[in-house]
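Student: Got a sequence here, can you build the structure:
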Amino acid sequence: MLHLTVCAGLRVSELTTLKIDDIELPSMSIRVLGKGRRERMLPLWKPAAAALRAWLAIRGAGRDTRGVRQRSW
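Tutor: Sure thing, here's the model as predicted:
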């Protein structure tokens, strides 16, 4: 996460609000909601994209399960 923050120039608040849906690995960019609720697309450096891919592989988050929350009744 620190590598992603430095390479993309993210603020801590932008990093903490980042969701898996905001990551665009084929285009190597991320969508960030910044100050003033402004949205911007940031390109990722190759090392940051590789680290993010590795983290997602370990985490086990595929694109088919993104944004799905389980309800506990």
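Student: Read off the pLDDT value for Gly67.
Tutor: Note for Gly67: predicted pLDDT of 44.
Student: likewise the one 3 residues further on?
Tutor: The score at Gln70 is 36. That number is its pLDDT.
Student: got it, and Trp73?
Tutor: If you check Trp73, the pLDDT there is 34.
Student: Could you find the closest non-adjacent residue to the most centrally placed residue in the chain?
Tutor: With distances taken as Cα atoms, centre = their mean, the chain has Ile23 as the residue nearest its mean C-alpha position (4.2 Å). Distance criterion Cβ to Cβ, 6 or more residues apart in numbering; nearest residue to Ile23, sequence neighbours excluded, is Ile30 at 5.5 Å. C-beta here means a position set from N, CA and C on the backbone, and glycine is covered the same way.
Student: if I've got this straight, that neighbour is in a helix?
Tutor: No - Ile30: not assigned to a helix; according to DSSP: H, G, I helix; E, B strand; the rest coil it is strand.
Student: can you pull up the bridge partners for it?
Tutor: Using DSSP bridges, the bridge partners assigned to Ile30 are Ile23, Leu42.
Student: need the contact list for it.
Tutor: Leu4, Ala8, Leu18, Asp22, Ile23, Glu24, Met41, Leu42, Leu44 (Cβ atoms under 8 Å, 6 or more residues apart in numbering).
Student: would you list these in TSV and tack on pLDDT?
Tutor: Listed next are the contacts of Ile30 as TSV, based on pLDDT from 0 to 100:
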residue	pLDDT
Leu4	81
Ala8	81
Leu18	86
Asp22	88
Ile23	86
Glu24	86
Met41	89
Leu42	88
Leu44	87
